[in-house]
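> Pasting a predicted model and its sequence here:
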Amino acid sequence: MAARDLSEFFAAQAALVPARRASFGRAERLAALEALRGAVEGARGEITAALESDFGKHPVETLLSEILPVLSEIAHARRHLRRWMRPRRVAPSLAMLGSRARIVPQPKGVALVIAPWNYPFSLALGPLVSALAAGCSVIVKPSEQTPVTSALIARLIGATFPPDLVAVAEGGADVSTGLLSLPFDHIFFTGSPAVGRIVMAAAAKHLTPVTLELGGKSPVILGTDSDLAGAARWIAWGRFFNAGQTCVAPDHVYVPAGIAEAFADRLKEEVARMWSAPDALAKIVSDRHWRRVKGLIDDARAMGATVVTGGQGDAASRSLAPTILTGTTGDMEVTREEIFGPVLPLIPYDDLGAVIAGINAGPRPLALYVFGGQALADRVMRETSSGSVGVNLTLLTFAHANLPFGGIGNSGLGAGHGEAGFRAFSHDKPVLTNRFLAMPMLFPPYGARVKRLAALVTRLSG
């Protein structure tokens, strides 16, 4: 799409912002959300086929990770929208006695949603739900790396909404660059930290607020008191779901040295049980990403790591077997890079303090997982910083509708989902009304009486 077309695309929405703020109330927002729900429900078969084409994704995985999150987000927003939109009363401070204060959520205006390729449907439409609930118009930029899903999103949106409310801009990096040159009122980006920096720099030119859902290396810490069978089950599922192409997937596991061998055996058994069927594991999204992830395995093996299971793959079908590594070291690429594929290093440890220090020495992760008792979880939460913490589970910190989802530092900025998503696309506008404020008694001229009153007010407010 040419730069001129993008500008016209944007202008059609921006021109209607004042009118939409006045007319796009709760009933209209609920109708928009219901229209989106109907479109998703009616396209279940097409969504499944699109993800099969782009990813080789199992239909159950598509249902759980692409369709269910969007429908759940819509249902949650519809259920709670009245409360989210309601102005919130604020108690007056001492100096403001005689006033009435409230906070009124107002749509920010025109929003841009840039979606990633790893969950191309749900991570495009999930933020769209939040934006519509907040009363914004939206341009959605789906990922060009999943072209069948991208085209499906464009068809669904085009058949469901007028283009001055929701529109889809398909294309590659040039389209993203063109969109980022426009003065949006909010940008919601999901992707890598590297591209997140580009988005934030472009947004800064217009002072556009951003929500950045990024990634990083999300560690797992096992305690000596952890349930090995339960931990292996959750980690095998969380790491290899979507072939490991999940921003909150366990990236590596710290295991107490005394139970490292036993845990490796348990994990190997769970991987075989869950992922041995030919169609169970999704494919890597592209040839380039397949070569990158396979290269991480080959580099680790060449530098002395042991492949406990897996390691093999087929470039033609972009398939990679679930791979467990031991004996990895800090100079291997698999240790330095976010893996984002079906590869899991197991790292034995003797000193929990050293593990925590190592986590704190790197960028703050999007998710951190702990398997063990409450004492271990409390210590890890107290001594580390991460976007979220999961205790005796994986992945589900993303799925809880009443929890905000977002990172910190290198792993993200701001939060989405549920009420947090509504707030991201809203401006909380303070409104202060004078009822019987005594403030005019402190207006100039500053005679003796005003000086005494100012000193009294200051003393009472301190």
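That came in fine, so what should we check first?

> Going by C-alpha atoms from here, please, whenever you check contacts or count neighbours.
Noted.

> Pull out the buried positions in stretch 27-34.
In terms of neighbour count (16 or more other CA atoms under 10 Å), stretch 27-34 has its buried residues at 29-30, 32-34.

> quick one: average pLDDT of that stretch?
Mean pLDDT, stretch 27-34: 98.

> and for that stretch, what are the contacting residues?
With contacts defined as CA atoms under 8 Å, 6 or more residues apart in numbering, stretch 27-34 is touched by 74, 78, 129, 132-135, 161.

> Then stretch 318-337?
217, 240, 243, 268, 271, 275, 282-287, 290, 294, 296-297, 299-300, 303-314, 342-347.

> Next, the distance between the ends of that stretch.
Start and end residues of stretch 318-337 are separated by 20 Å (CA to CA, to the nearest Å).

> Could you number the chain from 12 rather than 1 from now on?
In the new numbering, first residue 12, that becomes stretch 329-348.

> on that earlier part again, mind listing which of the contacts of stretch 38-45 are in helices?
Using DSSP state H to define helices, the subset of these located there is 85, 89, 140, 143-145.

> What strand or helix carries P80?
helix 79-96 (DSSP states H and E).

> For L79, grab the count of nearby residues.
Neighbourhood size, L79 [other CA atoms under 10 Å]: 17.

> domain ranges for the protein?
With domains defined by automatic domain parsing, the chain comprises 14-225+423-439, 229-417.

> just curious, which of the buried residues of stretch 38-45 is nearest to S397?
L44 (32.1 Å; CA to CA).

> can you pull the contacts of the nearest residue to S396 once chain neighbours are set aside?
The spatial neighbour of S396 that comes closest, neighbours along the chain excluded (CA to CA, 6 or more residues apart in numbering), is R375 at 6.1 Å. Under the criterion of CA under 8 Å, 6+ apart, the neighbours of R375 are 227, 396-398, 419-422.

> Of those residues, which pair is most distant in space?
For the contacts of R375, and using CA to CA, no pair is farther apart than G227 and S396, which are 13.0 Å apart.

> Which one of those two is surrounded by more residues?
Between G227 and S396, counting by other CA under 10 Å, G227 is the more crowded of the two (25 against 20).

> these two touch, right, the more buried one and F351?
No: under the criterion of CA atoms under 8 Å, G227 is not in contact with F351, lying 9.1 Å apart.

> Mutual contacts of these two, please.
Counting by CA under 8 Å, 6+ apart, the residues touching both G227 and F351 are C258.

> quick one: common contacting residues for G227 and S396?
375-376.

> Now do the same contact list for G169.
178-179.

> That one and F200: what is the separation?
21 Å.

> do the same with L27
24 Å.

> Can you pick out the residue with more neighbours from these two?
More crowded of L27 and F200, by other CA under 10 Å: F200, with 26 against 15.

> I'd guess that one is in a helix, am I close?
No: F200: not assigned to a helix; according to DSSP: H, G, I helix; E, B strand; the rest coil it is strand.

> ok, what's across the strand from it?
I125, L223 (DSSP bridges).

> start to end distance for stretch 315-331?
OK, stretch 315-331 end separation, CA to CA: 20 Å.

> And that stretch, how far out from the chain middle?
28 Å (CA atoms, centre = their mean, to the nearest Å).

> The nearest residue to S192 once chain neighbours are set aside: which element?
Nearest residue to S192, sequence neighbours excluded (CA to CA, 6+ apart): A213, at 6.6 Å. According to DSSP H and E, A213 maps onto helix 204-215.

> Give me the buried positions along that helix.
Within helix 204-215, judged by 16+ other CA under 10 Å, the buried ones are 204, 207, 210-211, 213-214.

> Can you find the helix or strand of this protein with the lowest average pLDDT?
helix 14-25 (a mean of 84; mean pLDDT, DSSP states H and E).

> Look up how far A426 lies from the residue positioned nearest the centre of the chain.
Closest residue to the average C-alpha location of the chain: E224 at 4.2 Å, with CA atoms, centre = their mean. Applying CA to CA, the value for E224 to A426 is 7 Å.

> Mind listing the shared neighbours of those two?
417-418.

> circling back: among the ones in helices among the contacts of stretch 38-45, which one sits closest to R113?
Taking these together and measuring to R113 by CA to CA, the closest member is A145, at 17.8 Å.

> Any regions of this structure where pLDDT drops low?
12-14 (pLDDT under 70).

> how about R113, what does it touch?
98-101, 441-443.

> Which of those fall in strands?
99-101, 441-443 (DSSP state E).

> Return the member of those residues nearest to G241.
R99 (43.6 Å).

> Is the closest one bridged to anything, and to what?
The partner residues for R99, given DSSP bridges, come to I114.

> Distance of it relative to L443?
12 Å.

> go on, A365?
52 Å.

> One more: K279?
62 Å.

> Neighbour count for these two, which is higher?
Neighbour count, other CA under 10 Å: between K279 and L443, K279 has more, with 18 against 14.

> Who are the packing partners of the host helix or strand of the more buried one?
Element membership of K279, judged by DSSP H and E, is helix 271-286. Applying 3 or more CA pairs under 8 Å, 6 or more residues apart in numbering; DSSP states H and E, one finds that helix 271-286 contacts helix 239-251, strand 317-320, strand 354-360.
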